[in-house]
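Asker: my questions are about this predicted structure, shown below with the sequence.
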Amino acid sequence: MMRQYELVEKVAAYKPDLDEALLNRAYVYAMQKHGAQTRASGDPYFSHPLEEATVAVALLHDTIEDTDATRKEIDHLFGPKIGQLVEGLTKLKRLDLVSKKAAQAENLRKLLLAIADDIRVLLVKLADRLHNMRTLGHMAADKRARIAQETMDIYAPLAGRMGMQDMREELENLAFK
């Protein structure tokens, strides 16, 4: 797993005016909140998670949903914009994206409204889904099927519409498996 200083060094190589303090705070906070949580594969949960706010949101993306973190706490520690993005991702996860056709259309509408405020929400969500698909083999068969169907119905087409053809193709290939 990448250490904190390695992450900051890698990001700094691409963005010389990097706000290192923001990334360091987000990294430490997410590590503390996720603690000993593990993914279905047994890997540390934190191995799952580059403009500074996007990296901070990517690091914090599951803290409100999966830990005792609150939006107010995120706003206080990292600013209201990052809090808004983290909360937007949390709301997306609460959607039941595989449902009857009418409900699915409504959920897609909610998804599009959530990303209308800031496209970075979608970019982080797509990266999150791609990582989840790469590690899907550790899940129960029924859960794999549901997640693969969501990926084919929602996420792969969105990646394609965003011009991210390589990601769309990888999502589709992983879903077909």
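Answerer: All right, it came through fine. Residues are numbered from 1 along each chain as shown.
Asker: hey, let's count contacts and neighbours off CA atoms from now on
Answerer: Noted.
Asker: how about residue 72, what does it touch?
Answerer: residue 83 (CA atoms under 8 Å, 6 or more residues apart in numbering).
Asker: which helices and strands sit right next to the host helix or strand of residue 172?
Answerer: Element membership for residue 172, per DSSP states H and E: helix 165-176. Identification of packing neighbours for helix 165-176 by 3 or more CA pairs under 8 Å, 6 or more residues apart in numbering; DSSP states H and E yields helix 120-134, helix 141-150, helix 156-161.
Asker: now with 7 Å, please.
Answerer: Other elements packing on helix 165-176 under the criterion 3 or more CA pairs under 7 Å, 6 or more residues apart in numbering; DSSP states H and E are helix 120-134, helix 156-161.
Asker: could you give the angle of the first one to helix 141-150?
Answerer: If I follow you right, that is helix 120-134. Angle of helix 120-134 versus helix 141-150, following axes from the mean of the first three to the mean of the last three CA atoms, to 10 degrees, is 140 degrees.
Asker: which residues sit against helix 120-134?
Answerer: Contacts with helix 120-134, where a contact means CA atoms under 7 Å, 6 or more residues apart in numbering, come from 48, 54, 58, 85, 88-89, 115, 155, 171, 174.
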